[in-house]
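*Asks:* Fold the following and give me the result.
(2 chains)
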Amino acid sequence: MKILYGMQKPDEGTITIDGEQVSLGSPGEAIDRGIGMVHQHFMLADNLTVLENTVLGSEGLHGIGSAARRKIQEISDSYHLGVRPDVMVEDLGVADRQRVEILKVLYRGARTLILDEPTAVLVPQEVDALFANLRELKAEGLTVIFISHKLGEVLSVADDITVIRRGTTVASVKPADVTTRQLAELMVGSELPTPETRESTVTDRPMIEVSGLSLYASDPDHGRRAVLDGIDFTIHEGEVLGLAGVEGNGQTELIDALIGTRHADEGTIRLGGEEITAWATRRRREGGIGYIPEDRHRHGLLLEAPLWENRILGHVTEEPNSRGFWLNPKAAKQDTERIVEEYDVRTPGIDVTAASLSGGNQQKLIVGREMSHHPRFLIAAHPTRGVDVGAQAQIWDQIREARREGLAVLLISADLDELIGLSDTLRVIYRGKLVADADPATITPEELGSAMTGAASGHLEADTAPQDDATGEEDR
Amino acid sequence: MKKFDSERLTLAAAGPVLAISVAVLLTSMVLLVTGNNPVEPYVLMIEYAGNIDIQVLIVNQATTYYIAALAVAVGFRMNLFNIGVDGQYRLAAMIAAVVGASVTLPSVLHVLLIMVVAALVGAFWAGIAGILKTSRGVSEVVSTIMLNAIATSVIAYLILPAQLGEAVGNNLTTGQIPESGWFPNFETEGGAVYGFIVIAALLGVAYWVVLNRTRFGFDLRATGASQSAAAASGVDAKRMVLTSMLISGAIAGLAGMPVLLGSSHTYSLDFPAGIGFTGITIALLGRNHPVGIAFGALLIAFLDKASATLDYNGYEKEIATIMQGLIVIAVVVSYEAVRRYGLRRQQQRVGEELAAAAAGNGENTKEASA
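*Replies:* Numbering: from 1, shown residues only, chains lettered A, B, ... in the order given. Now for the predicted structure:
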């Protein structure tokens, strides 16, 4: 995709657009040729309005004033994007931001749209809305390249499917001719991984107990309000607690409060029976909390540092990275080699920067690093976001294996299949509260999706009374 | 793996070489535009620097610059801009001079006392900015610049004869430090080379060791590379800001020592000023690396000292000042360009190597990573 968008040059082969062979040296040229890309990580300035974000870099097209506004409105209306030009981007939700990204690309006159993992951050209802937008675009004669790991979505939205594995095309099929399973097998090249955890390993020994956890934020618009409101949950050894929710409903704050980058205003956190509410991040990490952050670029890696330094990050006070006051680069390097080997991080060496690895390999490195310190409690936020199917299966396996050995896991994910498949218990977070719980054995993604938007609460099974925590899990 | 290492080295050298070439080119253009010979000044300066006494001057000047630049670099490594090195070293030198002149101690202890006082005063002055930042969120850029101005006034007040100073002719000084408080110099045919150069070199080594071989250094670099990642990894950002500000200030405090302990032996109104700002240029030029900074310090010291000859030959010696300014601009631009190029290139290479490995067979991947 980087080649198609002009970010990288091909060594061989040609690109033909509208029958004309082209060579794309830069994203600018690609845009001139009508190719636009919507990145997985949004490229928007939070402190500018939608209008400003859209014209940024293309001031020459329609200026920055009323002509631009008219054009934006026109595009927005014709594809039913529902974009409001004067809203600040920071006030927009994820789905709206994505529509701004699409609008930006259309504004630049793109006729071919590349969407990289566009649904990774959306709930099912938002995905449907996105697909409706895409169909509008298609009806207007635009071409859409839709890159996704989610096969059901590919099957429902695409007219043609090309499967790429390790840099080569392995198949081109029509959605009508294949099933999800066949498609998945083409992608993986072997039997299909599933996130399902069959036998229960849940014990009755609580590992992490959170009670009455509240966190307040104040901003000029709303005054002081609770971003986390009386959160209660217990995760036992060997248990995976899945937390479902639309992004921005308090998940980030909950992670911050658990890892210690923000401290709870009310409530307590206990790890293995010991109260850790007042502990600093480093002490919590040393105490056995592993952390797979939701944004690996911001919280999990030093992008311009070599892999072995990234292996030290977060565990600088622990073996083998340091002895007392001194770092031990030699041991850290050796151990990085081991992680690269064991966790199948595809890299030519451990001295390359983290930025040069693909997202999946970066994530494998992070998972390997966290698992290497044998955590007692793992915070896994979107552990497989933007990761290819093979790596996804591996990460699931690793979480499952650690769980068998007694690890307690808090799994936060936007991938509902992953949540349902991997969790022993499910909870739903909505506006900073845990509003619902569900049994992953019986729940469907659609039911979960409606609870995530606040439409349902309590125990998500019609006939059963609301249950607390994992008490119902053992008899499953 | 060797490929990446040698390439990194080439890229590391490419930045400064590119910057200096561009600066030379632009300076020549300035000379041309003003109707001067665009090459002769360089020749004159290089010839002049061939004299051994000028070389001594350059080395001595570079020693001072080196320490100031290290102080700036400590901050830079964690994205902290200590613009206040200038005020810190001047105040430190003044107080240390007063203390040094007022005590009698055995030689080694005397020198040590002066150095410790200087480091503490520097750390204290920088610490004010550190505390303002951690407790009130005041930008250290603003507060250190203001502290520079305050330091100037404080010194002007303290050096009055009514306070700590004494009048010597037209000058005000803090009194002579007795000989037991002098740092021994290396005598050469070109004059005395500051013995303090040894301390400067040791500081450079310590800087490297602390940053690259200690937990503290790792935390500091991690904070500089990504504050959010460092926080998530357990670095206490506030403590880190304060500690590195104190260290930066302590080193800054020593920047006045080569002159104070090696030649002037007193703080007076004509004590060298502005070294803190030159230190910023040098830290940038040396990419915050102790060896790079050494080269940077020598280069800037060369421009300073060798440009004296231009005046005798019908050129303005401000040509050297213009060149220093151009170097700063060129450095900033070219380092960023080289950095981006390097990152992109490595990404590409990693991709290529992986593709090649995948095309061969699975075994190659393992070999490449071994």
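
*Asks:* which residues in the stretch 201-350 of chain A form helices?
*Replies:* A:251-259, A:281-286, A:307-312, A:329-342 (DSSP state H, counting those that start in this stretch).

*Asks:* which residues are in contact with the first one?
*Replies:* Read that as helix A:251-259. A:208, A:210, A:213, A:215, A:217, A:227-228, A:231, A:243, A:245, A:262-264, A:269, A:281, A:284-285, A:289, A:291, A:293-294, A:379, A:381, A:410, A:412, A:429, A:432, B:232 (Cβ atoms under 8 Å, 6 or more residues apart in numbering or on different chains). For glycine as for every other residue, the C-beta is placed from the backbone atoms N, C-alpha and C.

*Asks:* likewise the last one?
*Replies:* Residues from elsewhere that reach helix A:329-342 (Cβ under 8 Å, 6+ apart): A:307-309, A:311-312, A:319-321, A:345, A:347, A:350, A:365, A:368-369, A:372, B:212-213, B:366, B:369-370.

*Asks:* Let's see that with 10 Å instead.
*Replies:* With contact meaning Cβ atoms under 10 Å, 6 or more residues apart in numbering or on different chains, helix A:329-342 is reached by A:306-312, A:315-316, A:319-323, A:328, A:345-347, A:349-351, A:361, A:364-369, A:371-372, A:398, B:212-213, B:218, B:366, B:369-370.

*Asks:* Tell me which helix or strand the residue of the stretch 151-300 of chain B found nearest chain A sits in.
*Replies:* Nearest to chain A, among the residues of the stretch 151-300 of chain B, is residue B:234, at 3.1 Å (Cβ to the nearest Cβ). Applying DSSP states H and E as the criterion places residue B:234 outside every helix and strand.

*Asks:* got the phi/psi numbers for it?
*Replies:* Residue B:234 has phi and psi values of phi 110, psi 10 when expressed as degrees, to the nearest 10.

*Asks:* quick revisit: of all the helices of the stretch 201-350 of chain A, which one is nearest residue B:158?
*Replies:* helix A:281-286 (42.2 Å; Cβ to Cβ).

*Asks:* can you list the residues that contact the closest one?
*Replies:* With Cβ under 10 Å, 6+ apart, helix A:281-286 has contacts from A:256, A:258-263, A:269, A:271, A:276, A:279-280, A:289, A:291, A:314-318, A:370, A:373, A:375, A:377, B:219, B:230-236.

*Asks:* Can you go through the contacts of helix A:251-259 and name the buried ones?
*Replies:* A:208, A:210, A:213, A:215, A:227-228, A:231, A:243, A:245, A:262, A:264, A:269, A:281, A:284-285, A:289, A:291, A:293-294, A:379, A:381, A:410, A:412, A:429, A:432, B:232 (16 or more other Cβ atoms under 10 Å in any protein chain shown).

*Asks:* about what we covered before: surely the residue of the stretch 151-300 of chain B closest to chain A meets residue B:219?
*Replies:* Yes. Between residue B:234 and residue B:219 there is a contact under Cβ atoms under 10 Å: 8.4 Å.

*Asks:* list residues touching both of these two?
*Replies:* A:282, A:313, A:316, A:317.

*Asks:* Adding neighbour count, distance to residue A:153 and pLDDT, write these out as CSV.
*Replies:* Converted to CSV, those look like this (neighbours: other Cβ atoms under 10 Å in any protein chain shown; distance: Cβ to Cβ, whole Å; pLDDT from 0 to 100):
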residue, neighbour count, distance to residue A:153, pLDDT
A:282, 18, 41, 88
A:313, 27, 34, 89
A:316, 24, 41, 84
A:317, 18, 43, 86
